[in-house]
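below is the sequence, then the predicted model.
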Amino acid sequence: MIFESLYANPFQIRISFQKVIESLEKIANSNVDYRATYAKGLLAEVAKVPELSTGITGYDVISKHSELIRHLLSDLFPTALTKNEIKAVTIPFHQIIFNQTERFQQILRNAGPDFDLGIRDFTEHQFYVMCCCIVLRLHYGYNVDFARPVFYDIPDSDGSMKHYRILYNADFMEIFPTENAIPLTPEDVAVLIDNYDNLAMWKEKFPPNSWILHGFGMMTLYDSTVESAVSNLKETLLTGDKTKKRPEDEELFQNVFRSIFRMPDLKLGFTEFNPDEEKFRQSTVGKGAKSYLLGNDFDCDDVICGCSRDLLVDEQKYLAISDMEKFAAENPDEKKLVEHLIEQGVQSAIFAPIIKNGRMLGVLELVSSVPKQLNSINANKLDFILPFIVETMDRFYSEKQNQIDALIQKEYTAIHPSVYWKFREEADLHTIPGNSELPFREIIFKDVYPLYGQIDIKGSSVARNEAMQKDLEFQIDSLLELLRDLSGKHPLPLIEQHIFELDKMKTALLDSVKADSESRAQQYIWNEVHPLLEHFESDGAMKKKIAKYRESIDPAINMVYKSRKNFDDTLSLINKKMAAILDKKQEEAQEFFPHYYERFKTDGVEHNLYIGASIAPKLQYNPIYLGNLRLWQLQVMCDLEAEYFRLRPSLPYELDVTSLVLVYSTPISIRFRMDEKRFDVDGTYNARYEVVKKRIDKSLIKGTNERIVQAGKITIVFSQTQDEKEYRRYIRLLQFKNRIGDNVESFEVEDLQGVTGLRALRVEVLYEDASDGENYTFDDLVKELNIRN
């Protein structure tokens, strides 16, 4: 059986113990009798299996002579340490493993029979290049630093995952070229170390099976689940206060990287990246980490351009420059960047983008004053430690974002995304050291067009009073029944007094509900009646009746809360559903053109929209976006009505809704009120809009006692003739789409305080009946329901 590899590689494997045999021959010729005798006996057995010296190409020979191999390697695998060491014979980076110590065997048994041992995050690309680097080092003598931490992740018997660091020993390995091997020149090697990512080039210089790997290697594992070096690094990153730059933290951080890269003169830097503006800038970490990419030059677009920017920002890959002058010669567009780095004493560098969830946070900079010391090969060491850096930088920027958000929340309010940029711009200014005492400027958006709409619960105040009246009437009746029973057993004048007062309270309640009816009844029941019932709960005859009464009341408020709960649940359900639809539709509307949006839940759902060039100054505004938003709003009002129609049969309390849209064609300004933490219209003239908005839904048709809003209809209020023409066009479209009925009412609105000349259109919403697919108006449906009932 020939040794097979998971991936193609440049080696033909020949497992040989020739170097161990040579060592035994020296012992056999020594003057130490017991050692010499043992060595001679072992050599005699080895001589019977010449493949142990010439080279083994299959597992069958190893399996057949495993005991002899164990004795042959006894000096390297001491029996006394077999239960302690995690060790085996292997070929580096290959899956050829045998002669494991007892502890290694036990670890594999604990992992289970289905476990396949494999190096963590080790790709075919990495495997092939690492094999080629073995040739460069052992055969050509190049000190190519390809070492990087490699690990096995092996589950334990209890199901927990253990992480083992792999250490290879190649002292017993030799590399020989075959006739297919391609001799390499120093120029070839120089090209290879700058092209780690070019696998085709590596395979061209090191064709598969073109080299013989003769001998064997050893690997030793140690449990690195909590590796001290990385733990120290992680601890420094996670516990350090990045807002305060301490020299000792910076030195520790730099020393960790120097240790990992084995470079005593390695230096670190960091350049921040603003993804919103797509620009590099000096770091705001602490007092600002040094940036080698920018130096003291804040105009980063002049420095970072060409392929360097493409690689870092667009492809989000490492930029490794092993030789600055060579890089500049090959990339003339990068000449300014190279000159900028050389001026700072940089001759080789690695720039690693810090990426979190596809978002670039900045660039980690590793620089050296020695050419070729940093290159595309040892750049891969960052794969192991960069996740800790990414998490730390993400935490720092999250904390900074929280600081900005806290300022916004404190000085402003929860802000809609369409105008968030304006508040962030102001808040970001105050995070710069020295600017914290600056006064906050008012946020104003000028020349925006307002759109207002509402879907309101019809007669909600009356319905709420009716629900309260039903609950109180039921509770008073229950108490009167209890007190009359109690009076029969305990004829106390005080009980008679409570019966008299409750009867009087019920009569008043049935006559009319006043503003304080509920609170007066609650206080009387809580303070007068309930204490009396508590006193007589010890009475065996009354205990069950009192307990039954307590089951009928809500324990949270000690009052009957049934009809009111149905009303409150219905109101909450309607508001929640309407708000959810509006919010979802609004996300789609933002794709047309960004606009400010806010909604309020009262006895229904109201919403304000403001659109104009000042909301999104980076985009080109056109009046068509206003018309588009108005049509969208009218369609959404139809959607809300249709959703309520579907929801109505399942509601615990019967309520109706009315819909209204207010059209206002004069642009206004909105200002963020610092004291009230909300937007409001700016200026006395613009206040007219707010007056209309607050009073319009309770208005009457001029010369009548009829409200302008009705269930099942949408009322569109306007003041200008062109607005009427515009909305009649929208109505015709929605009639064609069977969203609105043919009947369109037109009337004048009664004069409001300080506001005259308002007119309105009122249209019927068509609802689709799922049972027959036909469209009906609200009045048709009510008649149909009455007939069915």
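All right, it came through fine. Residues are numbered from 1 along each chain as shown.

where along the stretch 501-650 of the chain do the helices fall?
Taking DSSP state H, counting those that start in this stretch to define them, one finds helices in the stretch 501-650 of the chain at 517-524, 530-535, 540-551, 563-589, 624-647.

right, and these - which one's nearest Leu479?
helix 540-551 (7.4 Å; CB to CB). The C-beta positions use only the backbone N, C-alpha and C, and glycine is treated the same way.

just checking, what packs against the closest one?
Contact partners of helix 540-551 among helices and strands, from 3 or more CB pairs under 8 Å, 6 or more residues apart in numbering; DSSP states H and E: helix 460-489.

related to what we said a few turns ago, got the helices of the stretch 501-650 of the chain as TSV, with distance to Ser16 columns?
As requested, the helices of the stretch 501-650 of the chain are exported to TSV (distance: least, CB to CB, whole Å):
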stretch	distance to Ser16
helix 517-524	96
helix 530-535	96
helix 540-551	89
helix 563-589	68
helix 624-647	78
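
of those, which approaches Ser30 most closely?
Among the helices of the stretch 501-650 of the chain, helix 563-589 sits nearest to Ser30 (CB to CB), with 84.7 Å.

buried sites along the closest one?
By 16 or more other CB atoms under 10 Å, the buried positions in helix 563-589 come out as 563-564, 566-567, 570-571, 574-575, 577-579, 581-582, 586, 589.

cool, stretch 548-568 as well?
Taking 16+ other CB under 10 Å as the criterion, stretch 548-568 shows 549, 553, 559-564, 566-567 as buried.

which two in those residues are spaced the farthest apart?
Distance extremes for those: the farthest pair is Tyr549 and Phe567 at 22.5 Å, using CB to CB.

low-confidence stretches in the stretch 501-650 of the chain?
Across the stretch 501-650 of the chain, the ranges flagged by pLDDT under 70 are 515.

related to what we said a few turns ago, in TSV: the buried residues of stretch 548-568, plus distance to Asp603.
Below are the buried residues of stretch 548-568 laid out as TSV (distance: CB to CB, whole Å):
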residue	distance to Asp603
Tyr549	32
Ile553	26
Met559	22
Val560	22
Tyr561	19
Lys562	20
Ser563	17
Arg564	14
Asn566	15
Phe567	10
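
and of those, the nearest to Asp310?
Minimum distance to Asp310 across those is 62.5 Å, recorded for Phe567 (CB to CB).

low-confidence ranges, the stretch 101-250 of the chain, go.
147, 160, 225-250.

what ranges does it have for its helices?
Using DSSP H, counting those that start in this stretch, helices in the stretch 101-250 of the chain cover 102-111, 124-138, 186-193, 199-205, 228-239, 247-261.

between those helices, which one is nearest to Thr507?
Using CB to CB, the helices of the stretch 101-250 of the chain put helix 228-239 closest to Thr507, at 71.1 Å.

which other residues reach stretch 74-91?
Contacts to stretch 74-91, defined as CB atoms under 8 Å, 6 or more residues apart in numbering, come from residues 11, 13, 15, 20, 23, 69-70, 73, 96-104, 107, 164, 168, 173, 213, 216-223.

buried ones from those residues, can you make that a ChimeraX selection?
ChimeraX command restricting those to the buried ones, with burial defined by 16+ other CB under 10 Å:
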select :11,13,15,20,69,73,96,99,100,101,104,107,164,168,173,213,216,217,218,219,220,221
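
can you tell me how far the spatially most central residue of the chain is from Tyr38?
For the chain, the residue nearest the mean C-alpha position is Asn357 (7.7 Å; CA atoms, centre = their mean). Applying CB to CB, to the nearest Å, the value for Asn357 to Tyr38 is 62 Å.

identify each buried residue in stretch 201-211, please.
Of the residues in stretch 201-211, 202-203, 205-206, 208, 210-211 count as buried by neighbour count, 16+ other CB under 10 Å.

actually stretch 649-659, not the one I typed
For stretch 649-659, the neighbour count (16+ other CB under 10 Å) marks 651, 653, 655-659 as buried.

now do stretch 311-320
For stretch 311-320, by 16+ other CB under 10 Å, it's 311-313, 318-320.
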